[in-house]
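Trainee: Have a look at this prediction, sequence included:
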Amino acid sequence: MQQDRKETTMTEKKAAFGNNFTPEQRAAALKRAAEMRGARAEYLDRVKSGEVAIATALADGKETPVVGRIKAKRLLMALPGVGAAKAQSAMTAIGIAESRRVAGIGQRQAEKLIELFG
């Protein structure tokens, strides 16, 4: 006994996953995403220049979505004198996952980061 299978079109698949934006909505979302990426890059430049300290950045991450969405490793690498190896070893020692974002860093982890890099 063979079942009749309904062929799904690409439009139906997109609708099933919630990707059924109008072209205007898609354009607005892309514009907003570009603005957020620009704001994160600008903030990381301020960290790199020493204008923003690690303690301030971690506090901002809890309050500001722009900062909160930055990956923890990327924030650490923006600190003066910290490269990929130092950032990774600190994260491993403290127990911060590679995928962790600034907003998800716990209080004890933040205190240890401030102790190391502050």
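Mentor: Noted; the coordinates are in hand. Residues are numbered from 1 along each chain as shown.
Trainee: Quick check: longest helix in this structure by residues?
Mentor: Criterion DSSP state H: the longest helix present in the chain is helix 23-48.
Trainee: buried residues in the following helix or strand past it?
Mentor: Under the assignment DSSP states H and E, the closest C-terminal helix or strand after helix 23-48 is helix 54-63. Under the neighbour-count criterion of 16 or more other C-beta atoms under 10 Å, helix 54-63 has 54, 57, 58, 60, 61 buried. All C-beta spots, glycine's among them, are computed from the backbone N, C-alpha and C.
Trainee: Quick one: list the elements packing against the helix or strand where residue 110 lies.
Mentor: Element membership for residue 110, per DSSP H and E: helix 107-117. For helix 107-117, the elements it packs on are helix 54-63, helix 84-94, judged by 3 or more C-beta pairs under 8 Å, 6 or more residues apart in numbering; DSSP states H and E.
Trainee: In TSV: those helices, plus distance to residue 115.
Mentor: Shown next, in TSV, are the helices and strands packed on helix 107-117 (distance: least, C-beta to C-beta, whole Å):
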stretch	distance to residue 115
helix 54-63	10
helix 84-94	10
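Trainee: can I get these in CSV with mean pLDDT and distance to residue 29?
Mentor: Below are these laid out as CSV (pLDDT from 0 to 100; distance: least, C-beta to C-beta, whole Å):
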stretch, mean pLDDT, distance to residue 29
helix 54-63, 93, 23
helix 84-94, 94, 31
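Trainee: what about the chain, any weak spots by pLDDT?
Mentor: Applying pLDDT under 70 to the chain flags residues 1-18.
Trainee: I figured residue 118 was touching residue 56, is that so?
Mentor: No - in this structure residue 118 lies outside contact range of residue 56 using C-beta atoms under 8 Å: 9.7 Å.
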